[in-house]
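[1] Here is my input, please return the structure:
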Amino acid sequence: MKKTISAILAAAVLGSSMIVAVPANADPRRDRYIQQYYQNNPQDRDYRRWQRERSRWSERDYRRWYESRHRRDRRNNNDGAAAIFGLAAGAILGGALSGAGQGGQRPSQGASGAPPAGGHPFGTQGYYNYCSSKYRSFDPDSGTFLGNDRQRHYCQ
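    Reported below is the predicted structural model:
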């Protein structure tokens, strides 16, 4: 009984190993796909090798070919997306950093660019009286007040 089971198992192992070693039958759809790929990608040098050896290609050879081509295509698409994302992120970050130094600084004392407030030009007593009554955080030295956004703004 043991010899019979051993013989059956040995035959099964031998038979399954022969199935793996046999090349895959030529699938016309797969062959058309590969030919179309090479027509669209003439720079790929493996076409001649595939034409010569395709009758001996196993399922593993086809799978390896497919994965290597599509992994390369997918990587190229990701590179482009990464470049676009990187440029956009850099532009946003650069704009934020360049504007960050401007909003938090107080205008210089007696700046001539200050707009008139309440009909009074900057630097007059009427200007200071108007802005002091309108804003509790008004600073007469700079002509600015502290806004809700924690930035200094000219009184207007």
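
[2] Average pLDDT for the strand or helix carrying residue 65, rounded please.
    Per DSSP states H and E, residue 65 falls inside helix 59-103. Across helix 59-103, the average pLDDT comes to 68.

[3] can you check stretch 11-30 too?
    Averaging pLDDT along stretch 11-30 yields 62.

[4] circling back to that earlier point, show the subsequent helix or strand relative to the helix holding residue 65.
    Once the chain leaves helix 59-103, the next helix or strand it forms, by DSSP H and E, is helix 125-134.

[5] So this structure: which segments form each domain?
    Domains of the chain are assigned by automatic domain parsing as 28-103, 106-156.

[6] now for those domains, which one comes closest to residue 12?
    domain 28-103 (20.2 Å; C-beta to C-beta). All C-beta atoms are positioned from the backbone trio N, CA, C, and that covers glycine.

[7] Please work out which of the domains of the chain is packed deepest.
    Using mean count of other C-beta atoms under 10 Å, the stretch among these with the largest mean neighbour count is domain 106-156, at a mean of 14.

[8] returning to what we had before: any chance of CSV for the domains of the chain, columns distance to residue 8?
    Output for the domains of the chain, formatted as CSV (distance: least, C-beta to C-beta, whole Å):
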stretch, distance to residue 8
domain 28-103, 26
domain 106-156, 83
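
[9] So for residue 9, which of those domains sits nearest?
    Closest approach to residue 9 among these (C-beta to C-beta): domain 28-103, 24.8 Å.

[10] what kind of secondary structure is residue 50 in?
    Secondary structure assignment for residue 50 (DSSP: H, G, I helix; E, B strand; the rest coil): helix.

[11] so who does it touch?
    Residues near residue 50 by C-beta atoms under 8 Å, 6 or more residues apart in numbering: 34, 38, 57, 65.
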